[in-house]
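Undergrad: okay, predicted coordinates and the sequence, questions at the end:
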Amino acid sequence: MIYNKHQETLPRIEIEKLQLQRLQTTIAKVKKAVPFYQQQLQKIDDIKHLEDLSSLPFTTKSDLRDHYPFAMFAVSTSEVHRIHASSGTTGKPTVVGYTKQDLETWAEVCARSLVMSGAKPGQIFQNAYGYGLFTGGLGMHYGAEKLGMAVIPISGGNTARQILLLQDFGPQVLACTPSYALTLIDSLQKQQVTNLALKTLILGAEPWTEAMRDEIENKLNVNAINIYGLSEIIGPGVSCECHQAKNGAHIFEDHFIVEVIDPDSGDVLPEGETGELVFTTITKEASPLIRYRTRDIASVTKEPCICGRTHARMSRVIGRNDDMLIIRGVNVFPSQIESALVSMPEIAPHYQLIVDKKQRLDTLEVQVEVQPQIEISEQITETLTAKIAHSLREELGLNAHIKLMSPGSIPRCEGGKAVRVSDLR
């Protein structure tokens, strides 16, 4: 099943024709209605080809903060039906608005994502993404309702209640962060809960790895599907994996144009190369964005997919170039460390990275839990820490101090994004 077969299977030439038409309309609108873009684009000639997009300046998160709260809106607040915002933990929040049509579009792309994941009308959907100013909960909620699912709007956290509803209500589909999925698995195993009706987990809002997918799928006997989104563009539903391939998330190119750039030079990279994702919205009414720098690092391919959808696919986000750790000159993404750790059967998928500086040199301590069945002895500690250190050295070219932790000692995620890194430098 494909939710919107016409749009999701358009030939490439038709996708690009539609994108150009919608891009031209969007640029004309923001040049007229948004003071920031009036200034940014005043000397820009009309866009005649998609390739001309690369000549336009970027939009950044700081631009959104500088125009807080509503100066980036392209419509009056009387036309806005919903307002979301970031947490604002590093300054003023970034604010996004939605017209009535924007909310319809958002529900549409989330419904598409659910179908891609294997969800069907009539199933029960347990939504463990957070509700409120965070876009995750409400976006998936309305997408599921549009598809015709029964929604359990439990939001994040409250693991005991999550498990109660998984047992008693029997949802076939669950959405949450991957780190919270691991927290649920821990609790389910402790309570010896089995025979759930779950078939599909839709996981996003933070980077995760294939090794983590294997862990989740094997322990819950489900399909674990990667969904990608960001509030500034629309929320969840920018792209999603199809359950047939699980090999890259289809970007809804009838609503968004994606570019991959070199994060340092800003140059557009060839298809398939890894760089920073840049998105342009081409149907957003309330708060359209031109060439928004996401800081997320990934690659994009337009190769055909076995599911029949023709939209380009993006790889997993391997990290963020502003979250990237530079340790003694080596660029390190936490997901690289996670990938090396989770592949080891002795290790539980819970870890923390402590970065510090001693005698003017950067140090990296990797705190990682062992599996409950592993009895920590002096010999096992020596053998296992050497194994982990060797694996990280092979993966990163970096020496790290390994500290084995007892099961349950590393703080668990309770619904939101996991905090993996403590940089004390």
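TA: Perfect, thanks for sending it.
Undergrad: and the nearest residue to His243 once chain neighbours are set aside, how far is that from Ala286?
TA: In this structure, His243 finds its nearest non-sequential neighbour in Gly118, 4.1 Å apart by Cβ to Cβ, 6 or more residues apart in numbering. (Glycine included, C-beta is placed from N, CA and C.) Gly118 sits 32 Å away from Ala286, going by Cβ to Cβ, to the nearest Å.
Undergrad: the more surrounded of the two?
TA: Ala286 (24 against 19; other Cβ atoms under 10 Å).
Undergrad: Phe256 versus that one, what's the distance?
TA: In terms of Cβ to Cβ, Ala286 sits 15 Å off from Phe256.
Undergrad: equivalent analysis for Pro372, please.
TA: Taking Cβ to Cβ, one finds Pro372 at 43 Å from Phe256.
Undergrad: these two - which one has more neighbours?
TA: Phe256 (25 against 13).
Undergrad: which stretches of the stretch 51-200 of the chain form strands?
TA: Along the stretch 51-200 of the chain, the segments classed as strands by DSSP state E, counting those that start in this stretch run 82-85, 95-98, 124-127, 150-152, 173-176, 200-203.
Undergrad: distance from the chain centre to the first one, please.
TA: Same thing as strand 82-85. 19 Å (Cα atoms, centre = their mean, to the nearest Å).
Undergrad: what does it rub up against?
TA: 69, 93-98, 102-103, 133-135, 138, 231, 235 (Cβ atoms under 8 Å, 6 or more residues apart in numbering).
Undergrad: now do 6 Å
TA: For strand 82-85, the external contacting residues (Cβ atoms under 6 Å, 6 or more residues apart in numbering) are 93, 95-98, 133, 135, 231.
Undergrad: same deal with the last one?
TA: Residues from elsewhere that reach strand 200-203 (Cβ under 6 Å, 6+ apart): 117-118, 173-175, 178, 181, 222-225, 227.
Undergrad: among those, which ones are in helices?
TA: 117, 178, 181 (DSSP state H).
Undergrad: tell me the contacts of the last one?
TA: When contacts are counted by Cβ under 6 Å, 6+ apart, Ala181 touches 201, 203, 216.
Undergrad: just put those in CSV and tack on neighbour count and distance to Lys61.
TA: Below are those laid out as CSV (neighbours: other Cβ atoms under 10 Å; distance: Cβ to Cβ, whole Å):
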residue, neighbour count, distance to Lys61
Leu201, 24, 29
Leu203, 23, 24
Ile216, 21, 30
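Undergrad: between these, which sits nearest Val355?
TA: Leu203 (26.2 Å; Cβ to Cβ).
Undergrad: spatially, what comes nearest to the closest one if we skip its sequence neighbours?
TA: Pro178 (4.4 Å).
Undergrad: I'd like to know which of the strands of the stretch 51-200 of the chain lies nearest to Arg22.
TA: Here strand 95-98 is closest among those (Cβ to Cβ), at 17.5 Å.
Undergrad: could you pull out the helices for the stretch 301-425 of the chain?
TA: Assigned by DSSP state H, counting those that start in this stretch, the stretch 301-425 of the chain shows helices spanning 334-342, 378-396.
Undergrad: for the shortest one, name the packing helices and strands.
TA: Taking 3 or more Cβ pairs under 6 Å, 6 or more residues apart in numbering; DSSP states H and E as the contact definition, the neighbouring helices and strands of helix 334-342 are helix 210-220, strand 347-358, helix 378-396.
Undergrad: ok, now with 10 Å
TA: helix 210-220, strand 319-320, strand 325-327, strand 347-358, strand 361-370, helix 378-396 (3 or more Cβ pairs under 10 Å, 6 or more residues apart in numbering; DSSP states H and E).
Undergrad: which stretches of the stretch 301-425 of the chain have low pLDDT?
TA: Residues of the stretch 301-425 of the chain meeting the criterion pLDDT under 70: 329, 359-360, 415-416.
Undergrad: okay, the helices of the stretch 301-425 of the chain in JSON lines with distance to Cys413 next?
TA: Below are these laid out as JSON lines (distance: least, Cβ to Cβ, whole Å):
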{"stretch": "helix 334-342", "distance to Cys413": "13"}
{"stretch": "helix 378-396", "distance to Cys413": "22"}
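Undergrad: now render these as JSON lines, adding mean neighbour count and distance to Glu51.
TA: Listed next are these as JSON lines, based on neighbours: other Cβ atoms under 10 Å; distance: least, Cβ to Cβ, whole Å:
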{"stretch": "helix 334-342", "mean neighbour count": "22", "distance to Glu51": "32"}
{"stretch": "helix 378-396", "mean neighbour count": "14", "distance to Glu51": "37"}
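Undergrad: ok so, going back, so how far is Cys413 from the residue nearest to Leu203?
TA: 9 Å.
Undergrad: any shared contact partners between those two?
TA: By Cβ atoms under 10 Å, 6 or more residues apart in numbering, Pro178 and Cys413 have these common neighbours: Glu206.
Undergrad: just the C-alpha atoms of the biggest helix by length in the chain, please, in CSV.
TA: Looking across the chain with DSSP H, the single longest helix is helix 12-33. Extracted C-alpha coordinates of helix 12-33, given in CSV (Å, rounded to 0.1, in the frame of the first residue of the first chain):
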residue,chain,number,x,y,z
ARG,A,12,11.8,12.0,-11.7
ILE,A,13,11.2,14.5,-14.5
GLU,A,14,7.7,15.2,-13.2
ILE,A,15,9.0,15.6,-9.6
GLU,A,16,11.5,18.2,-10.6
LYS,A,17,8.9,20.0,-12.8
LEU,A,18,6.6,20.2,-9.8
GLN,A,19,9.4,21.3,-7.5
LEU,A,20,10.4,24.2,-9.8
GLN,A,21,6.8,25.5,-10.1
ARG,A,22,6.3,25.4,-6.3
LEU,A,23,9.8,26.9,-5.6
GLN,A,24,9.1,29.8,-7.9
THR,A,25,5.8,30.4,-6.2
THR,A,26,7.4,30.2,-2.7
ILE,A,27,10.2,32.6,-3.6
ALA,A,28,7.8,35.1,-5.0
LYS,A,29,5.7,34.9,-1.8
VAL,A,30,8.6,35.3,0.7
LYS,A,31,10.1,38.2,-1.3
LYS,A,32,6.8,40.0,-0.9
ALA,A,33,5.8,39.0,2.6
